[in-house]
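K.L.:
Fold the following and give me the result.
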Amino acid sequence: DCGSVPYKFGVKSAVLKWHAEHPVTEFEMRRNNIGENLQGNRNPFIDKPKWVTTVFGPPPPGTVVASPAILPSEPARPPPPPPSSNAPKAKEYSCPMAGKIRVNEQCVDVTRERVRELAERGHKPLPYTDEDTDTWNALKELDELESDKTKVQLIYGGTDCKGKDDNEHEDECPWNREHVWPQSRSPKSGKPGKAFKSDLHNLWAVNSVDNSRKNNHIVVECPTCDKSKGEYVAVDQYSPPDFSKGYVARAILYAAVRHGMCLVEALSDDCGSVPYKFGVKSAVLKWHAEHPVTEFEMRRNDLGQKLQGNRNPFIDRPDWVTAIFGPPPPGTTVVSPPATPTPSPTDPTPPPPASPLTGATLIFSEVVEGTGNNKAVEIFNPTDDTIDLSLYAVAVFTNGKTTSSTIKFTPFATLAPGKVFVLCNTKMKSVSLCNKVSNKLNFNGDDAVVLFRGDSPTSPTDEEVVDSFGTIGVDPGTAWAVCDGESAADATHVRKPHVDKGSRSWADTGDAATAGENCEWTALAQDDISGLGTHHAEPKVPRTPLMSKVIEGQGYDKAVEIFNPTREKVDLSDYALGVAVNGGSSARMISFPDSRILQPGGTYVVCHKKIADDANCDHFSHKLAFNGNDAVVLFTAPSSAASSGIIDTFGVMGVDPGAEGWAVCNGARGADATHARKASVVRGSADWAATGDAATAGDACEWTQG
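P.N.:
Predicted structure coming up:
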């Protein structure tokens, strides 16, 4: 009896049993998202499976309740469009001299036209307001508050708001979209108007009250204003709070160049044929100089490129502002940025700190090939940085094929340092251990499972593969013969604790020919998942400065570049550079001035006093005289000349390799050459045999010759 309700269906006990035993799948979540886009509502029992019990009661006795792999707390966001293939590469930004840009492999003067071309390149505007991915969704990601990811940071301050749009003003903290360069002072129609209106580098989340207060007023300095919030100075004038002045300045500078508008001191100034003006120029230049680029801006710039394909060049190269707009006004206190940010890892020197876009990669830490659908892979982050999982994918190559089934991760998903992510087959029995499920993760002991980073959906290139269990394109027969006589079939394999780098070569890490200490895997019994969800890695050696480039040129053209791969400032006076010549067991020591600070991600170049081109040198010493057969060593203690203080080395103290110099990995020689550290290297090493010796080849080699 259903009372007055005439429509009935069942059987209820079966429905509740199935709901409990078969958790929400990735397919259902995607279907729910699309359903909302098409008709405006969602199935709440997909988003909140636990509500079923609250509404309908528990499942019948005997039900085996399987916890969902993913309990979505909110609808999954649609993926952003990929950046254009024309997005800027590092080479344009790579000239070390202030006010220079690289064009056709030459460092030339920065001009407004050259930077505008760079800022326009790859720009694909998002819809301003749309049911799918639009600027509302983008700002929720761009301005996400680091301390509380459910909120957005507001450009002019005030209470940080929940990540909701301003469609309903009943929200206790309504926010809106702020055009820092006002929309009313910009192109209104056609492609220029569309490009400006939704340009994320000029759009920020803002409290609705401050959005109205700012209006289209020019921005000015106001020493008497309340620093905790923006205030009017006079009619049509506005002064932002101190913390956002750098953000405001670089958004305005970008808008002026990218959209061909005129930054003026007064709106009455003549801009010739350019009708769109904004200011005040002197205030903008002052704020840019006094408030350097922040990590938040750099992250926002990276994400902005991911969402709409282009970048704000003045975040990547703050020095270009002076080259284009002139110096800041007198009385400005110029504050040096903590480090010169670089937008892309494609320029290998200097290597940036480990990040989602550098050589620092994830690894497989466990592979479960169990009975039936008990299939899982555990992915571990051995780096010191949070990594963007959306840049990676897992591919399964069955029966020796060269094309695969590929599983990608949710956009904006990340993996913290030292943490794991467990990917399982949809029908895995212990699905509660899984972070993500997919029916594509279906493999046997003779199939290759590969972790890659790149854009190849089914056929990753060798360069894109970062770790593998098995070999692409090879069918081993019944199963892969894992090192030490084990079989990949019907077993769980766990990565050994010392392994912190993946490998493209199965022969080097897990093949039957790889035994003893070279074997990277430990075999467990079939369906043994006792350690799934945790990985016990050896404690990492703390990062210290390392040598990122060694130049052994003709005559006195000798230089060593020192790189800070840490997230902290480094006092170089705590370190020293040494040169041990002709197999000597002691070194000539080069110490650094007191309080010489090397910023995170920064470099410091030591050169011989008579080097021909000294434009990039920070320190000169006649002691930096060496040949390709001499050892160049970085020490922790400035007064040490013994091997006990070594934290990084190029060559070996006490050994003379002969006139040709050190035999560097992959057949190169140390003499008459420049060697640069690979971008993946974030720790120095006192063991030359493990990092640069001729016996060290392939992925284990840390150096490239140029």
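K.L.:
use CA for all of it now, contacts and neighbours both
P.N.:
OK.
K.L.:
Just after the helix or strand encompassing residue 406, pick out the following helix or strand.
P.N.:
Taking DSSP states H and E as the criterion, residue 406 maps to strand 405-408. Following strand 405-408 in sequence order, the next helix or strand is strand 414-415 (DSSP H and E).
K.L.:
Now do that following strand: which elements does it pack against?
P.N.:
Using 3 or more CA pairs under 8 Å, 6 or more residues apart in numbering; DSSP states H and E, the elements in contact with strand 414-415 are strand 387-388.
K.L.:
who touches the very next helix or strand once past the strand it packs on?
P.N.:
Downstream of strand 387-388, the next assigned helix or strand under DSSP H and E is strand 392-397. By CA atoms under 8 Å, 6 or more residues apart in numbering, the list of residues contacting strand 392-397 from outside reads 403-409, 440-443, 447-454, 458, 472-473.
K.L.:
Can you point out the buried residues in the strand holding residue 406?
P.N.:
Going by neighbour count (16 or more other CA atoms under 10 Å), the buried part of strand 405-408 is 405-407.
K.L.:
Inside strands: which ones of the contacts of strand 392-397?
P.N.:
Taking DSSP state E, the ones among those that sit in strands are 405-408, 448-453.
K.L.:
What's the mean pLDDT across the strand holding residue 406?
P.N.:
Strand 405-408 comes out with an average pLDDT of 88.
K.L.:
With stretch 370-387 instead?
P.N.:
Stretch 370-387 shows a mean pLDDT of 91.
K.L.:
How about stretch 320-337?
P.N.:
On average, stretch 320-337 scores 87.
K.L.:
List of residues touching that stretch?
P.N.:
Contacts for stretch 320-337 (CA under 8 Å, 6+ apart): 98-100, 110-112, 253, 282, 285-286, 289-293, 314.
K.L.:
same question, stretch 261-281
P.N.:
Stretch 261-281 is touched from outside by 181, 185-187, 218-220, 253, 255-256, 260, 282, with contacts defined as CA under 8 Å, 6+ apart.
K.L.:
and what of stretch 649-669?
P.N.:
The contact list for stretch 649-669, computed with CA under 8 Å, 6+ apart, reads 547, 580, 582-586, 627-634, 643, 670-671, 684-688, 692-698, 701, 703, 705.
K.L.:
Run the chain-centre distance for it.
P.N.:
34 Å (CA atoms, centre = their mean, to the nearest Å).
K.L.:
Next, the buried residues of that stretch.
P.N.:
649-657, 661-666, 668-669.
K.L.:
Ok, stretch 479-494 next?
P.N.:
By neighbour count on 16+ other CA under 10 Å, the buried set for stretch 479-494 is 479-484, 486-494.
K.L.:
Let me know the average pLDDT across it.
P.N.:
89.
K.L.:
for that stretch, the distance to its chain's centre please.
P.N.:
When C-alpha coordinates are averaged (CA atoms, centre = their mean), stretch 479-494 and its chain have centres 34 Å apart.
K.L.:
before we move on, the earlier item: output the strand holding residue 406 as PDB - backbone C-alpha positions only.
P.N.:
Extracted C-alpha coordinates of strand 405-408, given in PDB (Å, rounded to 0.1, in the frame of the first residue of the first chain):
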ATOM      1  CA  SER A 405      43.700   1.400 -23.100                       C
ATOM      2  CA  THR A 406      44.400   4.600 -21.300                       C
ATOM      3  CA  ILE A 407      43.100   5.900 -17.900                       C
ATOM      4  CA  LYS A 408      43.400   9.600 -17.200                       C
END
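K.L.:
so what does it touch, helix or strand wise?
P.N.:
strand 392-397.
K.L.:
Give the pairing partners of the strand it packs on; include direction for each.
P.N.:
strand 405-408 (antiparallel), strand 448-453 (antiparallel) (DSSP bridges).
K.L.:
Let's see that strand as CSV, backbone CA atoms only.
P.N.:
Provided in CSV are the C-alpha atoms of strand 392-397 (Å, rounded to 0.1, in the frame of the first residue of the first chain):
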residue,chain,number,x,y,z
TYR,A,392,49.7,11.8,-16.1
ALA,A,393,47.9,8.7,-17.3
VAL,A,394,48.1,4.9,-16.9
ALA,A,395,48.1,2.7,-20.1
VAL,A,396,47.6,-1.0,-20.4
PHE,A,397,49.2,-2.8,-23.4
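K.L.:
Work out for me the element the residue nearest to residue 433 when sequence neighbours are not counted sits within.
P.N.:
Once flanking residues are discounted, residue 433 sits nearest to residue 533: 6.3 Å by CA to CA, 6 or more residues apart in numbering. Residue 533 belongs to no helix or strand when assigned by DSSP H and E.
K.L.:
burial count for residue 533?
P.N.:
For residue 533, the count of nearby residues is 20 (other CA atoms under 10 Å).
K.L.:
tell me the contacts of it?
P.N.:
For residue 533, the contact set (CA under 8 Å, 6+ apart) comprises 378, 420-422, 433-434.
K.L.:
Would you mind giving the secondary structure of the residue lying closest to residue 154 once chain neighbours are set aside?
P.N.:
In this structure, residue 154 finds its nearest non-sequential neighbour in residue 206, 4.7 Å apart by CA to CA, 6+ apart. Of the three states, residue 206 takes strand under DSSP: H, G, I helix; E, B strand; the rest coil.
K.L.:
Quick check: bridge partners of residue 206?
P.N.:
Beta-bridge partners of residue 206, as defined by DSSP bridges: residue 176.
K.L.:
Now do the contacts for it.
P.N.:
153-157, 175-178.
K.L.:
could you flag which of these are buried?
P.N.:
Using 16+ other CA under 10 Å, the buried ones in the contacts of residue 206 are 153-157, 175-178.
K.L.:
and which of the residues you listed is nearest residue 56?
P.N.:
residue 175 (37.8 Å; CA to CA).
K.L.:
what helix or strand is residue 194 on?
P.N.:
Using DSSP H and E, residue 194 sits within helix 190-197.
K.L.:
If we go by neighbour counts, what in that helix is buried?
P.N.:
Using 16+ other CA under 10 Å as the test for burial, helix 190-197 gives 194-197.
K.L.:
and if you look at stretch 267-286?
P.N.:
Neighbour-count burial for stretch 267-286, counted by 16+ other CA under 10 Å, picks out 276-286.
K.L.:
tell me how far the ends of it are from each other?
P.N.:
One end of stretch 267-286 sits 18 Å from the other (CA to CA, to the nearest Å).
K.L.:
what do you get for stretch 476-486?
P.N.:
End-to-end distance of stretch 476-486: 14 Å, with CA to CA as the criterion.
K.L.:
which residues are contacting it?
P.N.:
Outside stretch 476-486, the residues that touch it by CA under 8 Å, 6+ apart are 400, 444-447, 470, 487-489, 510-516, 519, 521, 523.
K.L.:
out of those residues, which are inside strands?
P.N.:
Secondary structure assignment by DSSP E places 487, 521, 523 of these in strands.
K.L.:
how close does the second one get to residue 515?
P.N.:
In other words, residue 521. 10 Å.
K.L.:
More neighbours: these two, which one.
P.N.:
Taking neighbours as other CA under 10 Å, residue 521 and residue 515 compare with residue 521 leading, 25 against 17.
K.L.:
Which residues are in contact with that one?
P.N.:
482-483, 493-496, 509-510.
K.L.:
Taking these, tell me the two that lie furthest apart.
P.N.:
482 and 496 (13.5 Å).
K.L.:
hmm, which of the contacts of stretch 476-486 are the buried ones?
P.N.:
For the contacts of stretch 476-486, a neighbour count by 16+ other CA under 10 Å gives the buried set as 400, 444-447, 470, 487-489, 510-515, 519, 521, 523.
K.L.:
Which ones among those lie within helices?
P.N.:
Judged by DSSP state H, helices contain none of those.
K.L.:
Of the buried residues of strand 405-408, just say which sits nearest to residue 26.
P.N.:
Of the buried residues of strand 405-408, the one sitting nearest to residue 26 (CA to CA) turns out to be residue 407, at 11.1 Å.
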